[in-house]
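Trainee: got a predicted model here, sequence first, then my questions.
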Amino acid sequence: MSDHDSDDTARASMIRLREALTAHGITLPSLGLDLPTFASVYLSPPLISLGNCNVTTADRLADVLRAAALRR
């Protein structure tokens with residue numbers, strides 16, 4: 001397991017994203033930290049992997065993002 005200073009930042013960001021998606025009824029089962037970047041020696045935060053989702057979830061995510069863009 002990595003112990004970079006930026007790991008907590010990446011974990012917190014992933015958790016905030018999961019909570020925001022859940023608030024809109026969206027679940028990305030594969031949402032997590034990208035293991036190769038999590039285990040890397042770079043100083044940048046690990047990448048967050050969104051993973052795969054089915055068509056229904058992709059459509060729901062697109063609808064939520066489109067509605068948010070229209071409110072701006």
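Mentor: Now that the structure is in, tell me what you want to look at.
Trainee: count of residues packed around residue 58?
Mentor: 13 (other Cβ atoms under 10 Å). (Glycine included, C-beta is placed from N, CA and C.)
Trainee: can you give me the pLDDT of it?
Mentor: For residue 58, the pLDDT comes out at 93.
Trainee: so it: helix, strand or coil?
Mentor: helix (DSSP: H, G, I helix; E, B strand; the rest coil).
Trainee: ok, it to residue 36 distance?
Mentor: Distance from residue 58 to residue 36, counting by Cβ to Cβ, to the nearest Å: 24 Å.
Trainee: what does residue 50 give?
Mentor: Relative to residue 36, and taking Cβ to Cβ, residue 50 is found at 15 Å.
Trainee: so where do the helices sit in this structure?
Mentor: 7-23, 35-38, 55-71 (DSSP state H).
Trainee: rebuild those as a markdown table, extending it with distance to residue 45.
Mentor: Output for the helices of the chain, formatted as a markdown table (distance: least, Cβ to Cβ, whole Å):
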| stretch | distance to residue 45 |
| --- | --- |
| helix 7-23 | 4 |
| helix 35-38 | 8 |
| helix 55-71 | 23 |
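Trainee: mind saving the C-alpha coords of the helix or strand of the chain with the lowest mean pLDDT as PDB?
Mentor: Every helix and strand of the chain was ranked by mean pLDDT, DSSP states H and E. The lowest is helix 35-38, at a mean of 84. What follows is helix 35-38, C-alpha atoms only, in PDB (Å, rounded to 0.1, in the frame of the first residue of the first chain):
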ATOM      1  CA  LEU A  35      -4.000   0.600  -8.600                       C
ATOM      2  CA  PRO A  36      -1.000   1.200 -10.900                       C
ATOM      3  CA  THR A  37      -1.000   4.900 -10.100                       C
ATOM      4  CA  PHE A  38      -1.800   4.300  -6.400                       C
END
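Trainee: buried ones in that helix, by neighbour count?
Mentor: By neighbour count with 16 or more other Cβ atoms under 10 Å, helix 35-38 contains the buried residues 37-38.
Trainee: low-scoring stretches of the chain, by residue?
Mentor: Scanning the chain with the threshold set as pLDDT under 70 gives 1-5.
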